[in-house]
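**Student:** sequence first, predicted coordinates after that:
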Amino acid sequence: MLCLSITESYLRYFLISNGKINSIGRIDLGDKLDLKNKTADKFYNDLSAVFSILSDQNSNLAKNLAIAIPSQWADFSIYKIDPDLTEKDKLEYFEWKNSQKFGAKSTQNTYQYYPLESTSYENYLAIAYPTQLKNCLIKSALGNNFTVDFIDIDIFSVLNSVQYSELNNNLDSYAIWSASDNQNHAILTIKNGVVSNYIEINPSLPNNTIVKNALPLEQNLIDELKNIYNNDAGQSDLFSKIFMFSHNNTEFIQNVTQSSKNIIQVPNVLKIINAYDLDLASQGKSINTTASEYLDVLGLFIRGVNPK
């Protein structure tokens, strides 16, 4: 199996053999993978080239793929529904909510729904991403004799790594923060063990920092996110811990790793692999874990090969 994390800039992967991480690699994509409706053909061609490079690098590469895509390529909602609805009624309600949100474009998306624990009502996390993206991934892979086993969202794959390694033990509330140099910062918030919101911020937009959210945000959360980004907060009133993740060793990641704030943690991928006996072949031990850039790939590995 190949576990791949794909962004505009890089492809990172674990090659899995007999349940072990056999090798680790990274391919510089030069910011070429940018999915837009008007340039879908170019995206498909560039993606096909990526799989071709993978195939050419090693004829012994596994042909089954697990893929993580950036959360910024997807859209998130949390739907509250009546728990007495039948499964059919739930799906009809989801379709109606999707049409309300996306209009005529709602039919152009692939949707996944995940129940979230609640008390008096049921919450569902709805994830939407372009069907065109899914088709491009599958078609490009097939063109190079690969088969896609599953597609995940990178920030949820990171969450899988955090949960598997029990870094979230005894935490009332925490967040996964995905930092980026060239995209919005993605933040997944978890309260009492349940996903409570998905947020994207763009610090370069001072008058409209929040650019995407699954549920409305209270002002104190917005203020705290700004303070954390600006390195102004010594403690957090809303989070017990924030797990930082980045595909690049961004300036922001460098700053927070040097910060004295005890709520910030950048998980060390190699330590997780060693602590949980997720075998890593010797040739892969040169992995640079300072920016935890393989944390989502690790989550794919855990889900696909060695689930808890």
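**Tutor:** In hand now; what should we look at? Residues are numbered from 1 along each chain as shown.
**Student:** and Ser5, how many neighbours?
**Tutor:** For Ser5, the tally of surrounding residues (other CB atoms under 10 Å) stands at 28. From N, CA and C alone the C-beta is placed, and that goes for glycine too.
**Student:** check contacts around it.
**Tutor:** By CB atoms under 8 Å, 6 or more residues apart in numbering, the contact set of Ser5 is Leu11, Arg12, Tyr13, Ile67, Ala68, Asp154, Ser157, His247, Tyr294, Asp296, Val297, Leu300.
**Student:** am I right that it is in a strand?
**Tutor:** Yes: membership of Ser5 in a strand is supported by DSSP: H, G, I helix; E, B strand; the rest coil.
**Student:** use 58 as the first number from now on
**Tutor:** Renumbered: residue one is now 58, and that last one reads Ser62.
**Student:** what bridges to it?
**Tutor:** When bridges are called by DSSP bridges, Ser62 pairs up with Arg69, Ala125.
**Student:** next one: Ser80
**Tutor:** Leu72.
**Student:** shouldn't it be in contact with Leu72?
**Tutor:** Yes: between Ser80 and Leu72 there is a contact under CB atoms under 8 Å: 4.5 Å.
**Student:** who has more neighbours, the two?
**Tutor:** Leu72 (21 against 16).
**Student:** what about that one, distance to Val107?
**Tutor:** With the distance defined as CB to CB, to the nearest Å, Leu72 ends up 15 Å from Val107.
**Student:** ok, now Ser230?
**Tutor:** Between Ser230 and Val107 the computed distance is 37 Å (CB to CB).
**Student:** for the stretch 108-257 of the chain, just list every one of the helices.
**Tutor:** Secondary structure of the stretch 108-257 of the chain (DSSP state H, counting those that start in this stretch): helices at 144-159, 188-199, 211-221.
**Student:** all good on my end, thank you.
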